[in-house]
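Trainee: Please find the sequence and the predicted model below.
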Amino acid sequence: MDGFPAPDQGLLVTVFLTVRDVARSRRFYSEVLGGEVVLAENPCTVKLANSWIIMNPGGGPTPDKPAVTLVAPDDPHTISSFMNLRVADINACYAEWSAKGAEFLTPPIDREAEIRCYIRDPDGYLIEVGQATGILHGVFARTDQPST
């Protein structure tokens, strides 16, 4: 399967998301963010830039993950991790993805080391969109602001 994340040697990183509606999530990651659908279902796999996102519905334990149940996020205001997308032109991405239906929490905000903003996917997963600016010249995040 051309483009499927299966290395000949070493490893590569993919992100697995438990989703409520595979088709809806597939459209978001392919049509809004511009990813390439590698496999539509079982599991849905989308190549996004130099990474892959694998999406499947939740479910109960399996023999290889006993006592583990997968569920999509319940509370969009409480998270333990998020995807971080680094872009070359945050304003262009903000304009393009907004026009395609992405709902940003705020417009891009200049935090000196970087310019960043956040969106949510259809299941509520948080995605940081950032453009490195000052950090490329030794200007790091201010210590009087939270870094995440």
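Mentor: It's in.
Trainee: Now residue 72: closest residue in space, sequence neighbours ignored.
Mentor: In space, and not counting its chain neighbours, residue 72 is closest to residue 123: 4.4 Å by Cβ to Cβ, 6 or more residues apart in numbering. Every residue, glycine included, has its C-beta placed from N, CA and C.
Trainee: quick one, helices of the protein?
Mentor: Using DSSP state H, the helices assigned to the chain run over residues 22-27, 90-99.
Trainee: who touches the last one?
Mentor: What it means is helix 90-99. Helix 90-99 is contacted by residues 32-33, 87, 104, 107-108, 115-117, 119, 129-131 when judged by Cβ atoms under 8 Å, 6 or more residues apart in numbering.
Trainee: Model confidence for the residue lying farthest from the centre of the chain, exactly?
Mentor: In the chain, residue 63 marks the outermost C-alpha relative to the chain mean, sitting 28.0 Å out by Cα atoms, centre = their mean. pLDDT, residue 63: 95.
Trainee: residue contacts, the residue nearest the centre of the chain?
Mentor: Geometric centre of the chain, nearest residue: residue 83, 4.0 Å, by Cα atoms, centre = their mean. Contact partners of residue 83, counting by Cβ under 8 Å, 6+ apart, are 15, 125-128.
Trainee: which residues touch residue 68?
Mentor: Counted by Cβ under 8 Å, 6+ apart, residue 68 has contacts 61-62.
Trainee: Could I get the phi/psi values of it?
Mentor: Dihedral angles of residue 68 (phi, psi; degrees, to the nearest 10) stand at phi -120, psi 130.
Trainee: Number of residues surrounding residue 122?
Mentor: Other residues within reach of residue 122, judged by other Cβ atoms under 10 Å, total 18.
Trainee: Distance check, it against residue 22.
Mentor: Distance from residue 122 to residue 22, counting by Cβ to Cβ, to the nearest Å: 10 Å.
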